[in-house]
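In: sequence unknown, structure follows:
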């Protein structure tokens, strides 16, 4: 049975955060981080711990997706400039550790839309 346009839009469209969902995302992330720290101290290193962390990451992803679905969908044909991710690097903190030409290339890339080469 086909999923249909509405379900496909819901699954793959952008659900921008808002005043209701952002606090929910933040609380969910805090709880998952707390659990991850607890498990990291409690569990012995090995395959089982690795699988537990993989499952926890998956649960975190699906939990945040469930929260995101509470927000209305914005489809790609809509103009959503804030949805364009930008490279972020705090250059002053890095100081002289980065050569000037690399800083220049970073700044050029940061200010160029992602769909340009």
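Out: On my side now, so go ahead. What you see is a predicted model, and the numbers here were worked out from it, not measured in a lab.
In: rest of the way, CA atoms for contacts and neighbours
Out: Will do.
In: and the helix or strand in which residue 52 is found, average pLDDT?
Out: Secondary structure assigned from DSSP states H and E places residue 52 in helix 47-68. For helix 47-68, the mean pLDDT works out to 96.
In: and what of stretch 10-17?
Out: 87.
In: What about residue 68, how many residues nearby?
Out: Neighbourhood size, residue 68 [other CA atoms under 10 Å]: 22.
In: give me every residue that touches the nearest residue to residue 63 once chain neighbours are set aside.
Out: Sequence neighbours aside, residue 28 is the residue nearest to residue 63 in space, at 7.6 Å (criterion: CA to CA, 6 or more residues apart in numbering). Residue 28 makes contacts with 60, 63-64, as judged by CA atoms under 8 Å, 6 or more residues apart in numbering.
In: any idea how far residue 46 is from residue 28?
Out: Distance, residue 28 to residue 46, by CA to CA, to the nearest Å: 26 Å.
In: Could you chop this protein up by domain?
Out: Domain assignment of the chain by automatic domain parsing yields the ranges 5-79, 84-117.
In: which of those domains is buried the deepest?
Out: domain 5-79 (a mean of 14; mean count of other CA atoms under 10 Å).
In: what inclination does the helix or strand harbouring residue 9 have with respect to helix 47-68?
Out: Taking DSSP H and E as the criterion, the element that holds residue 9 is helix 5-12. An angle of 130 degrees separates the directions of helix 5-12 and helix 47-68 when computed by axes from the mean of the first three to the mean of the last three CA atoms, to 10 degrees.
In: hmm, who's touching helix 5-12?
Out: Counting by CA under 8 Å, 6+ apart, the neighbours of helix 5-12 from elsewhere in the structure are 69, 73, 75.
In: For the residue nearest to the second one when sequence neighbours are not counted, grab phi and psi.
Out: This points to residue 73. In space, and not counting its chain neighbours, residue 73 is closest to residue 15: 4.9 Å by CA to CA, 6+ apart. The phi and psi values for residue 15, taken as degrees, to the nearest 10, are phi -110, psi 90.
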